[in-house]
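S.K.: Build me a model from this:
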Amino acid sequence: MRQAFDTLRNGKIVSGPALDEYGEWRLTLRKRSAGRPTRVAVAIKEGGRNLTVVTVI
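M.R.: Sure, this is the predicted structure:
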């Protein structure tokens, strides 16, 4: 969980942002956290203040 939050706060965008068919902006962030490469894919509803974590790799 800490690695995911660290990646969300300090990661670099490696894919996107791209508008999907549901009207959500999707992007993937990457960061080396705790010595391991971590990727987090997120979706953000347009106009929303919240994001949905789709997956953590």
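
S.K.: now stretch 13-32: mean pLDDT?
M.R.: Per-region confidence: stretch 13-32 scores 92 on mean pLDDT.

S.K.: Show me the contact partners of that stretch.
M.R.: Applying C-beta atoms under 8 Å, 6 or more residues apart in numbering, the external contacts of stretch 13-32 come out as 6-8, 10-12, 37-46, 52, 54. No exception for glycine: its C-beta is placed from N, CA and C like everyone else's.

S.K.: of those, buried ones?
M.R.: Asp6, Thr7, Leu8, Gly11, Thr38, Arg39, Val40, Ala41, Val42, Ala43, Ile44 (16 or more other C-beta atoms under 10 Å).

S.K.: what pairs with the last one across the strands?
M.R.: Read it as Ile44. Per DSSP bridges, residues listed as beta-bridge partners of Ile44: Trp25, Leu51.

S.K.: Surely it is in contact with Val54?
M.R.: No: counting by C-beta atoms under 8 Å, Ile44 does not reach Val54; the two are 10.6 Å apart.

S.K.: Next, give phi and psi for the residue of the chain most remote from its centre.
M.R.: Centroid-distance maximum for the chain: Gly35 at 18.8 Å, with C-alpha atoms, centre = their mean. Backbone torsions of Gly35, given as degrees, to the nearest 10, read phi 80, psi 0.

S.K.: Check it and give its pLDDT.
M.R.: Turning to Gly35, the model gives it a pLDDT of 88.

S.K.: returning to that earlier point: so which of the contacts of stretch 13-32 belong to strands?
M.R.: Lys12, Pro37, Thr38, Arg39, Val40, Ala41, Val42, Ala43, Ile44, Lys45, Thr52, Val54 (DSSP state E).
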